[in-house]
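**Student:** below: sequence and its predicted model.
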4 protein chains.
Amino acid sequence: MTENTEHKKHTPRPQTEVKMLKNRLHRMMGQLTGIEKMLDEGRYCGDILIQVSALESALQSLGYLILHDHLETCVREKAKEEDPEVMEEVMMLVKKLK
Amino acid sequence: MTENTEHKKHTPRPQTEVKMLKNRLHRMMGQLTGIEKMLDEGRYCGDILIQVSALESALQSLGYLILHDHLETCVREKAKEEDPEVMEEVMMLVKKLK
Amino acid sequence: MTENTEHKKHTPRPQTEVKMLKNRLHRMMGQLTGIEKMLDEGRYCGDILIQVSALESALQSLGYLILHDHLETCVREKAKEEDPEVMEEVMMLVKKLK
Amino acid sequence: MTENTEHKKHTPRPQTEVKMLKNRLHRMMGQLTGIEKMLDEGRYCGDILIQVSALESALQSLGYLILHDHLETCVREKAKEEDPEVMEEVMMLVKKLK
């Protein structure tokens, strides 16, 4: 798996999906800004932690969406081509994601 | 536990700690922007997922720092005052955080 | 924190709680035996993994019960005695548990 | 996905793998027995929780081994047969496992 052949997605993501993922990223930026504001206001730790946990969930969902898409496109293609390493890569990603 | 008495942290966070936490939040905003750029460039899912997992780890670390501070200040104080609910709240937070 | 002073719980667990925790452990042994049987019968991986995940949840619940009890007894006591290390220990346990 | 066609693994697990997985299950039964003994002896919560976390890690490893095997056999086969649901099932399992 060389950097050169792999760094672009073989089957491009549909524009609607890119847009939806970017909307989620923008919402998460808003959540980070909200946490920063709570720190500036000296808000209660428990309240801040609840926002941190909400952001963790949003990020986990994003990861699952991208992983699902990866499985349905890249992994399916590589499995059909009998790529011997594709499932190792899936396992590496599954272990890394929370 | 009423909103009114609880929404500010009783022992204010030291300014150095607020600054350090805000630096971490700014770095995370940079990571979100980086992920957005990867989506715009049609980058490989596996590479994007590695960045998502790095951000998950950064967020988990932030959560642990705030939880540790919470335990050392608010929870210690409330335990000394024999607040009967403080440990319920800790458990709720521990279960929510990844 | 020396092994000698720490290895017994200072406030003993009530017998009803010990019994409840042991019942949960026995059920988990049953779950492990069930997974072994599924392997012997050559059962479908997906079905086995669902049982593994059920056992993971049961174990996580057990961990939370013991942690909650720990917070309500040992940690409260040590916080009142101003033990400077007790919250470090809580954080270590929280990070280790899934 | 009907119970009848799915409940056996299509490509049987090699005997060496079954044996290795069963050895792990037996070791986990020993770990559960160890935790029970610690409860009977009134051992310190922190020490018990460290053993619970060790068992959680052992169980997570077992789950990963079975998932990896699942990906390399059942999922590869189904991907080649263009089974439309196989990746949904992988995602469901990934979300369930800790």
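**Tutor:** Good, I have the coordinates. Numbers count the residues shown, from 1 in each chain, chains lettered A, B, ... in the order given.

**Student:** distance of the residue in chain A positioned nearest to chain C from C:Gln31?
**Tutor:** Residue of chain A nearest chain C, by Cβ to the nearest Cβ: A:Lys98 (10.3 Å). To be clear about C-beta, it is placed using only N, CA and C from the backbone, and glycine gets the same treatment. As judged by Cβ to Cβ, to the nearest Å, A:Lys98 and C:Gln31 stand 24 Å apart.

**Student:** my guess is A:Leu62 contacts A:Arg24. True?
**Tutor:** Yes - applying Cβ atoms under 8 Å as the test, A:Leu62 and A:Arg24 come out as touching, 5.3 Å apart.

**Student:** those two - which one has more neighbours?
**Tutor:** A:Leu62 (22 against 16; other Cβ atoms under 10 Å in any protein chain shown).

**Student:** show me the contacts for that one.
**Tutor:** A:21, A:24-25, A:28, B:52 (Cβ atoms under 8 Å, 6 or more residues apart in numbering or on different chains).

**Student:** ok, of the residues you listed, which one's closest to chain D?
**Tutor:** Once Cβ to the nearest Cβ is applied, the member of those that ends up nearest chain D is B:Val52, at 13.9 Å.

**Student:** what helix or strand is that closest one on?
**Tutor:** Assigned by DSSP states H and E, B:Val52 belongs to helix B:45-70.

**Student:** relative orientation of that helix and helix A:45-70 in degrees?
**Tutor:** Taking axes from the mean of the first three to the mean of the last three Cα atoms, to 10 degrees, one finds that helix B:45-70 is oriented at 170 degrees with respect to helix A:45-70.

**Student:** and after helix B:45-70, which helix or strand comes next?
**Tutor:** helix B:76-80.

**Student:** and that following helix, what's buried?
**Tutor:** Neighbour counts over helix B:76-80 (16 or more other Cβ atoms under 10 Å in any protein chain shown) mark B:76, B:78-79 as buried.

**Student:** and stretch A:59-78, by the same measure?
**Tutor:** Applying 16+ other Cβ under 10 Å to stretch A:59-78 flags A:59-60, A:62-76, A:78 as buried.

**Student:** cool, and stretch A:11-25?
**Tutor:** A:13, A:21, A:24-25.

**Student:** can that stretch be found next to chain D?
**Tutor:** No - Stretch A:11-25 does not reach chain D (Cβ under 8 Å from any Cβ of the partner chain); its nearest approach is 13.8 Å.

**Student:** give me the pLDDT value at the residue nearest the centre of chain A.
**Tutor:** Closest residue to the average C-alpha location of chain A: A:Gly63 at 2.8 Å, with Cα atoms, centre = their mean. pLDDT recorded at A:Gly63 is 98.

**Student:** cool, A:Lys8 as well?
**Tutor:** If you check A:Lys8, the pLDDT there is 90.

**Student:** count the neighbours of it for me.
**Tutor:** A:Lys8 has 12 nearby residues by other Cβ under 10 Å.

**Student:** got it, and A:His10?
**Tutor:** Counted by other Cβ under 10 Å, the residues lying close to A:His10 total 13.

**Student:** shouldn't it be in contact with A:Cys74?
**Tutor:** Yes - between A:His10 and A:Cys74 a contact is recorded at 6.3 Å, counting by Cβ under 8 Å.

**Student:** tell me which strands and helices the strand or helix carrying A:Thr33 is in contact with?
**Tutor:** Using DSSP H and E, A:Thr33 falls within helix A:15-40. If you count contacts as 3 or more Cβ pairs under 8 Å, 6 or more residues apart in numbering or on different chains; DSSP states H and E, helix A:15-40 packs onto helix A:45-70, helix B:15-40.
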